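>>> sequence first, then the predicted structure, then my questions.
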Amino acid sequence: MTFQQALDYMYNHLPMYQRIGPAAYKTNLDNTISICNLLDNPQNDFRSIHIAGTNGKGSTAHLIASILQTKGLKTGLYTSPHLKEFRERIRINGKMIPRSFVVSFINKYRTDFEKIKPSFFEMTVGMAFKYFCEKKVDIAVIEAGLGGRLDSTNIIQPIVSVITNIGLDHTQFLGDTMEKIATEKAAIIKHGVPVIIGETQVETRKIFINEAQQKKTEITFADQNLDIKNDKITGTLRHWMVMDIFREKQLYLSKLKCPLTGFYQQRNIKTTLQLVDVLNQLEFKIEEKQIRKGFYNVIKSTKLAGRWQILSNDPLTICDIAHNPDGIRLVTKQIKSIYYKHLHFVFGVVNDKNLMGVLPILPEDATYYFCKANIPRGMDQKRLQYESNKYNLVGSVYGSVKEAYTTAQTNAGSDDLVFIGGSTFVVAEIL
């Protein structure tokens, strides 16, 4: 079996939520448990950090992984979905899982998988755990997929749990209120395992506190302990966020430098720094210089992409994978803070997206380039245009993401802004 044949098997034989949507969603952990039993429960052989949340969990996972790598720890990182290729999901110290491991894994367990009938995500989680176990990582940072309680990653026993924030996303599975979604994600809190909440929210605060009390564990709200001041974005060809970090109103880190310049990253930075504090309480002994270097090198060391990523300066071209109301609201706010003559917005979404929660947020004073990502789950560009027109979002339709992007680049003047967003998969095709 070649690597391409292994990929074809995974994509064509295993239900994949990113491609087909709800049909791939499983309502229990039975398959994951069966896979891990088959693999001799590799998740029990390494320390882990579990990160869930509506927005920010991927950035937080990459930030803490970069810091742990800088400290010299052999650090596994499991994230989803991938942007360019499957192997991005499973890394050790920034290096993707080898093609040979993927092929041998599929070859060895394919017959068993055909009996278990796992989803793509369930199988991938098992592969990640097996790889981290065999390579004897010192610690693995595990990003939850959809939800928490029934997420395949929720069979681990981490040393710390993190919930970044709660927003209205995947409501058909997790519930249609903040409280219901918080309850699902709170289920990653384990007995005696400290938990960090990134953002204090009125609707969800008591739910997390009650769950932590029931599990007899310590809970910390990062944004109540840490604050960011004097923040500014510097640089021309390469942009940096420079900021002062205050902990309990005392200066903690002055002029911390990070290449993640999305305004929303400040929440993730605070969450990550609170996580460092908890890890140090567990005797990890992470030093200030390791924190600084970890933040500074996060893109280089973990290959994080698609977060307020500047692709070009002439015209200024930015992409971001924000795809739910909370994420898009923050991205739109940052767009409005930039000087430009005209906004060209390359826009596509998935077909189960709640457009009523997204379209009213988007800027009306823009030219839209409606497109469909090349996946079965992508929303037809003509339907997207029709729905968007109801909110005075006007533009033309294009046969592909590439055509929409190329046309926007051609039409944009040197003082214009080209933005690509609405879906992880639209951004992935540009990258």
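Yep, that arrived. Quick caveat: nothing in here was measured; it's all calculated off a predicted structure.

>>> residues near Asn421, how many?
For residue 421 the amino acid is Gly, not Asn. 27 (other Cβ atoms under 10 Å). Every residue, glycine included, has its C-beta placed from N, CA and C.

>>> ramachandran angles for it?
Backbone dihedrals for Gly421, given as degrees, to the nearest 10, come out at phi -170, psi -170.

>>> that one reaches Phe345, doesn't it?
Yes: when contacts are counted by Cβ atoms under 8 Å, Gly421 is listed as touching Phe345 (7.5 Å).

>>> measure Thr271 to Lys95 for me?
Distance of Thr271 to Lys95, given as Cβ to Cβ, to the nearest Å: 25 Å.

>>> between these two, which one's more packed in?
Thr271 (30 against 11).

>>> am I right that that one is in contact with Ala222?
Yes: with contact defined as Cβ under 8 Å, Thr271 reaches Ala222; the gap is 4.7 Å.

>>> what is in contact with those two at once?
Common contacts of Thr271 and Ala222 (Cβ atoms under 8 Å, 6 or more residues apart in numbering): 196, 198-199.

>>> out of those residues, who's nearest Phe105?
Ile196 (32.3 Å; Cβ to Cβ).

>>> neighbouring strands of the helix or strand hosting that closest one in the sheet, and parallel or not?
In this assignment (DSSP states H and E), Ile196 forms part of strand 195-197. Strand pairing for strand 195-197, using DSSP bridges, gives strand 160-163 (parallel), strand 219-221 (parallel).

>>> just give me how far it sits from the chain centre.
Taking Cα atoms, centre = their mean, to the nearest Å, one finds strand 195-197 lying 17 Å from the centre of the chain it belongs to.

>>> check stretch 214-226 too.
Using Cα atoms, centre = their mean, the offset of stretch 214-226 from its chain centre is 22 Å.

>>> tell me the mean pLDDT over it?
The pLDDT scores in stretch 214-226 average 96.

>>> then stretch 294-312?
95.

>>> what about the helices in the stretch 301-431 of the chain?
For the stretch 301-431 of the chain, applying DSSP state H, counting those that start in this stretch gives helices covering 325-336, 355-358, 381-389, 401-411, 424-430.

>>> and the second one, which residues are buried?
Spelled out, that is helix 355-358. For helix 355-358, burial by neighbour count (16 or more other Cβ atoms under 10 Å) applies to 357-358.

>>> and it, what does it pack onto?
helix 325-336, helix 381-389 (3 or more Cβ pairs under 8 Å, 6 or more residues apart in numbering; DSSP states H and E).

>>> what does the first one rub up against?
This points to helix 325-336. Taking Cβ under 8 Å, 6+ apart as the rule, helix 325-336 contacts 54-55, 165, 167-169, 262-264, 308, 320, 322, 343, 354, 357-358, 361-363, 417, 419, 421-422.

>>> restricted to buried residues, select those in ChimeraX.
Those of the contacts of helix 325-336 that count as buried under 16+ other Cβ under 10 Å are selected in ChimeraX with:
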select :54,55,165,167,168,169,262,264,308,320,322,343,354,357,358,361,362,417,419,421,422
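
>>> secondary structure element holding Met241?
Counting by DSSP H and E, Met241 is found in strand 240-247.

>>> go through the helices and strands packed on helix 355-358 and find the least confident stretch.
Looking at the helices and strands packed on helix 355-358, the lowest mean pLDDT belongs to helix 325-336 (a mean of 92).

>>> report the buried residues of it.
325-332, 334-335.

>>> just give me the closest of the residues you listed to Arg292.
Gln334 (24.4 Å).

>>> and Val418, what pLDDT?
Val418 is given a pLDDT of 98.

>>> got the contact list for it?
Residues in contact with Val418 (Cβ under 8 Å, 6+ apart) are 312, 315-318, 344, 346, 405, 408-409, 412.

>>> for Thr406, see how far away it is.
In terms of Cβ to Cβ, Val418 sits 11 Å off from Thr406.

>>> what helix or strand does Tyr131 sit in?
Counting by DSSP H and E, Tyr131 is found in helix 120-134.

>>> so after the helix-or-strand element of the chain with minimal mean pLDDT, what's the next helix or strand?
One helix or strand of the chain scores below all others by mean pLDDT, DSSP states H and E: helix 17-20, with a mean of 46. Per DSSP H and E, the first helix or strand lying C-terminal to helix 17-20 is helix 30-38.

>>> what does that following helix contact?
Helix 30-38 has contacts (Cβ under 8 Å, 6+ apart) with 42-43, 109, 112-113, 116-119, 122-123, 125-126, 129, 152, 155.

>>> now do that helix: distance to the chain's middle.
25 Å.

>>> where does the stretch 151-300 of the chain dip in pLDDT?
Along the stretch 151-300 of the chain, segments meeting pLDDT under 70 span 168-176, 236-237.

>>> how about the helices in it?
171-174, 178-186, 205-214, 222-225, 265-281, 288-296, 298-302.

>>> could you check how far Lys289 is from Tyr339?
Distance from Lys289 to Tyr339, by Cβ to Cβ: 36 Å.

>>> likewise for Tyr78?
39 Å.

>>> for the two, indicate the residue with more neighbours.
Tyr78 (27 against 7).

>>> contacting residues around that one?
Tyr78 touches 89-90, 125, 128, 132, 140-143, 153, counting by Cβ under 8 Å, 6+ apart.

>>> do the same with Pro363
Neighbour list for Pro363: 332, 335-336, 343, 345 [criterion: Cβ under 8 Å, 6+ apart].

>>> same question for Gln385.
368, 370, 395-397.

>>> go again using 7 Å as the cut-off
Gln385 sits next to 370, 397 when contact means Cβ atoms under 7 Å, 6 or more residues apart in numbering.

>>> likewise for Gly167?
54-55, 324-326.

>>> between these, which is nearest Asn297?
For the contacts of Gly167, the nearest to Asn297 is Asn55 (23.2 Å; Cβ to Cβ).

>>> hmm, Asn165 and that closest one touching each other?
Yes: in this structure, Asn55 is within contact of Asn165 by Cβ atoms under 7 Å, at 5.9 Å.

>>> one step back: just the ones of the contacts of Tyr78 in strands?
Judged by DSSP state E, strands contain the following of these: 90, 140-143.

>>> distance from the chain centre to stretch 151-158, please.
Chain-centre distance of stretch 151-158: 17 Å, with Cα atoms, centre = their mean.

>>> pLDDT wise, what is the most centrally placed residue in the chain at?
By Cα atoms, centre = their mean, the chain has its centre lying nearest to Gly58, at 3.0 Å. pLDDT recorded at Gly58 is 95.
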